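Chemist: Sequence isn't available, so here's the structure alone:
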């Protein structure tokens, strides 16, 4: 069964720092991997989607990488801002189960002014 | 504007009550999902539907039931609520064919006393 793990569970950084969030998954048979943002008490917003054939995706200050063979993905946030404070969730789309998704527990990020 | 609506946003009820959590969408998507999320934990899929009159149970055992009579509507019902049902419930939609992102509603935070 696919398991998704995110490290660290929580992270606090001063404004302006670059940071990396980590995601690992146990089964490389994935369709794609996505990073979501969740604000307190809200739903999820998709940030980046990487297809299994891709190595990385970029959107503004965000860059996500995927190493399917090792079961790892990273989300790099450049020049962090207080508005980046949220929980970041990693999810993989399971290839053999109608592409349904498995989520990690998330990394709770706090960016201090 | 295409969107996903969940009502109520917050609900506090007593044990034994029957409740229905509403989810409706104007995205025109065939796939709809219900996830359960406890604080600081990963999302767990409890029900999904790939179209009208199609419903399936997800990975997490749930005492809830769902129906899909119309494309845009996917209500979740608890016949007899218990304190163990206290959680956040997130509704999501997706395009047919898989491999694409899912779009999330704002969630319903349920507290059973």
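Modeler: Happy to help now that I have it. None of the values given here were measured: they were computed from a predicted structure.

Chemist: How about the residues of chain B by chain A?
Modeler: Counting by C-beta under 8 Å from any C-beta of the partner chain, the positions of chain B adjacent to chain A are B:4, B:33, B:35, B:40-43, B:45, B:48, B:50, B:58, B:88, B:90, B:92, B:98-107, B:109. (C-beta placed from N, C-alpha, C; glycine too.)

Chemist: what residues are up against the closest residue to residue B:95 other than its chain neighbours?
Modeler: Beyond its immediate neighbours in the sequence, the residue positioned closest to residue B:95 (C-beta to C-beta, 6 or more residues apart in numbering or on different chains) is residue B:29, lying 5.7 Å away. Residue B:29 sits next to B:93-96, B:103 when contact means C-beta atoms under 8 Å, 6 or more residues apart in numbering or on different chains.

Chemist: returning to that earlier point: okay, and which of the residues of chain B next to chain A map to strands?
Modeler: Secondary structure assignment (DSSP state E) places B:4, B:33, B:35, B:43, B:45, B:48, B:50, B:88, B:90, B:92, B:102-104, B:109 from the residues of chain B next to chain A within strands.

Chemist: Which secondary structure element is home to residue B:12?
Modeler: When secondary structure is defined by DSSP states H and E, residue B:12 falls within strand B:10-13.

Chemist: so what's residue A:90 closest to, chain neighbours aside?
Modeler: Looking at residue A:90 with C-beta to C-beta, 6+ apart, the closest residue is residue A:23, at 3.4 Å.

Chemist: and what of residue A:66?
Modeler: Nearest-residue entry for residue A:66: residue A:50, 4.5 Å, with adjacent residues in sequence omitted and distances by C-beta to C-beta, 6+ apart.

Chemist: same thing with residue B:4?
Modeler: If the residues on either side of it in the chain are set aside, residue B:4 comes closest to residue B:105, at 3.9 Å by C-beta to C-beta, 6+ apart.

Chemist: pLDDT score for that neighbour?
Modeler: Taken from the predicted model, the pLDDT recorded for residue B:105 is 95.

Chemist: Distance of it relative to residue A:32?
Modeler: Residue B:105 sits at a distance of 21 Å from residue A:32 (criterion: C-beta to C-beta, to the nearest Å).

Chemist: More neighbours: those two, which one.
Modeler: Each of residue B:105 and residue A:32 had its neighbours counted (other C-beta atoms under 10 Å in any protein chain shown), and the higher figure belongs to residue B:105 (25 against 21).

Chemist: who's in contact with that one?
Modeler: Contact analysis of residue B:105 by C-beta under 8 Å, 6+ apart lists A:43, B:4-6, B:23, B:25, B:90-92.

Chemist: how does it look with 7 Å?
Modeler: A:43, B:4-6, B:23, B:90-92 (C-beta atoms under 7 Å, 6 or more residues apart in numbering or on different chains).

Chemist: Can you say which helix or strand has the closest residue to residue B:65 other than its chain neighbours in it?
Modeler: Spatial nearest neighbour of residue B:65, excluding adjacent residues (C-beta to C-beta, 6+ apart): residue B:77 at 5.2 Å. In the assignment (DSSP H and E), residue B:77 maps to strand B:76-78.
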